[in-house]
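*Asks:* no sequence for this one, just the structure:
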């Protein structure tokens, strides 16, 4: 079993090829498999999961004598765009990794670059193990082209317990903050105690989007939020608009937090890794993250204890729910050399056993409804708390990764960056979102059937 890092190659390919030409790209490359039915190249995201997947590879080789599994890692930025070059070429791995909400999925699917895997779904009984919404999300015209292997809880805020104690702030009861005013007061007290406020990776391709995701479910009514998840589809109701007061106020809150110094200094120039380093160094009191962040934060060995809470509701009396990201996807590219072996591997991996020993052990949440909370002690204490609280406060599908990327994350983050920089007013930014919605519905831009 071998491990390679292909993210640099993917980035280089994307620089040389426009998406249109990428989708018809041909050629061989380093590590290209021979189609011998015994060697399997599996692309996986860089990070904690990569280490755990080594055991899956060993188990598969043992169960299938004569096979060899090679893992190739891809970083988060490459998986959101440049990786399309590799997955659509004849040098593609047999199993590819992508994020369902990005343009990579829709581009590959539209251009028939993904293998239909209905037989994998049937053999692994995935429709019985996923929630109804997850099954619907991964069904296109009655067929399946990818498997969802983990769920992420988005935007819990980690905090420095030492900083809170120094500022005289008690641990938030039930991990909830009652109002925006209370949260802003907390930030003021933390700054007076010598700390910076809330860390967000403003230059990253997703983190400001997660701030919007965390605030939006309580910024609009529950019915309006559900409408915003689906009204990009032609024929769906259009009475809920991004120019409505609730969405505009959500944008205004984000801009106000920049003006009031809630975010860390230089937020727009920092990515998530830099914001995380500022937090673990003890200079930053709070950090926006996810259940996936905790392992890295602990690995940095900060000198202080950590707690967590959810951002405040924008509507009085509401309880902030968790945002759930369902997008980490394994696919079999149409040009894979060993598609049958790839299907066999997906069936082997998508089991309760590996949902616990690989997915949960990597700090992510299993997606199978059959997994009981009592089996998830390896998540770590804070993530276990988050999982348990999500059962009571509820989960909502994350907005920016449920709508197509041409309205969601890829479109939204640049608008939010301009908003925070003061180049757009909340009303102007809201109009850009509304125009994006109308372009989707009319077919002017792609993605309306994602």
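*Replies:* On my side now, so go ahead. Note that the coordinates shown come from a computational prediction; the quantities given were computed from them, not determined experimentally.
*Asks:* What strand or helix carries residue 229?
*Replies:* For residue 229, the enclosing helix or strand under DSSP states H and E is helix 222-230.
*Asks:* which stretches of the protein have low pLDDT?
*Replies:* Under the criterion pLDDT under 70, the flagged ranges of the chain are 1-34, 447-450.
*Asks:* can you list the domain ranges for it.
*Replies:* The chain resolves into domains spanning 2-148+327-366, 152-324+396-442 when parsed by automatic domain parsing.
*Asks:* now these in CSV, with distance to residue 372?
*Replies:* (C-beta placed from N, C-alpha, C; glycine too.) As requested, these are arranged in CSV below (distance: least, C-beta to C-beta, whole Å):
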stretch, distance to residue 372
domain 2-148+327-366, 10
domain 152-324+396-442, 18
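*Asks:* Quick check: which of those domains is nearest to residue 387?
*Replies:* domain 2-148+327-366 (6.2 Å; C-beta to C-beta).
*Asks:* Please name every helix or strand in contact with the helix holding residue 229.
*Replies:* For helix 222-230, the contact count by 3 or more C-beta pairs under 8 Å, 6 or more residues apart in numbering; DSSP states H and E identifies helix 207-219 as packing neighbours.
*Asks:* Buried residues of the helix it packs on, list them for me.
*Replies:* For helix 207-219, the neighbour count (16 or more other C-beta atoms under 10 Å) marks 207-219 as buried.
*Asks:* which two from the residues you listed end up farthest apart in space?
*Replies:* With distance counted by C-beta to C-beta, no two of those lie farther apart than 207 and 218, which are 19.4 Å apart.
*Asks:* Report all helices and strands that the stretch of helix or strand residue 342 belongs to contacts.
*Replies:* In this structure, residue 342 is located in helix 339-349 according to DSSP H and E. With contacts defined as 3+ C-beta pairs under 8 Å, 6+ apart, the secondary structure elements packing on helix 339-349 are strand 39-45, helix 48-63, helix 118-124.
*Asks:* So residue 315: helix, strand or coil?
*Replies:* The three-state label for residue 315, taken from DSSP: H, G, I helix; E, B strand; the rest coil, comes out as coil.
*Asks:* What about it, how many residues nearby?
*Replies:* Close neighbours of residue 315, defined as other C-beta atoms under 10 Å, add up to 13.
*Asks:* now do residue 423
*Replies:* Counted with other C-beta under 10 Å, the burial measure for residue 423 works out to 11 neighbours.
*Asks:* ditto for the one 5 residues further on
*Replies:* By other C-beta under 10 Å, 13 other residues sit near residue 428.
*Asks:* can you check residue 392 too?
*Replies:* Neighbourhood size, residue 392 [other C-beta under 10 Å]: 9.
*Asks:* any idea how far it is from residue 322?
*Replies:* Counting by C-beta to C-beta, to the nearest Å, the gap between residue 392 and residue 322 amounts to 10 Å.
*Asks:* swap in residue 410?
*Replies:* Between residue 410 and residue 322 the distance, using C-beta to C-beta, works out to 23 Å.
*Asks:* more neighbours, these two?
*Replies:* residue 322 (24 against 20).
*Asks:* And the more buried one, its phi and psi?
*Replies:* Backbone dihedrals for residue 322, given as degrees, to the nearest 10, come out at phi -90, psi 150.
*Asks:* residues in contact with it?
*Replies:* Neighbour list for residue 322: 153-154, 156, 310, 386, 389-390, 393-396 [criterion: C-beta atoms under 8 Å, 6 or more residues apart in numbering].
*Asks:* Then residue 350?
*Replies:* Under the criterion of C-beta under 8 Å, 6+ apart, the contact partners of residue 350 comprise 120, 124, 126, 147, 149.
*Asks:* any idea what sits nearest the fourth one, other than its immediate chain neighbours?
*Replies:* Of all residues not flanking residue 147 in the chain, residue 330 sits nearest, at 5.2 Å (C-beta to C-beta, 6 or more residues apart in numbering).
*Asks:* isn't there a helix covering the one you found?
*Replies:* No. According to three-state DSSP, residue 330 belongs to no helix; its state is strand.
*Asks:* residue boundaries of the helices in the stretch 151-300 of the chain?
*Replies:* 161-166, 180-192, 207-219, 222-230, 245-259, 272-280, 294-299 (DSSP state H, counting those that start in this stretch).
*Asks:* Pull out the buried residues from the last one.
*Replies:* Applying a neighbour-count criterion of 16+ other C-beta under 10 Å, the buried positions in helix 294-299 are 294-297.
*Asks:* same deal with stretch 63-71?
*Replies:* By neighbour count, and taking 16+ other C-beta under 10 Å as the criterion, the buried residues in stretch 63-71 are 64, 67-71.
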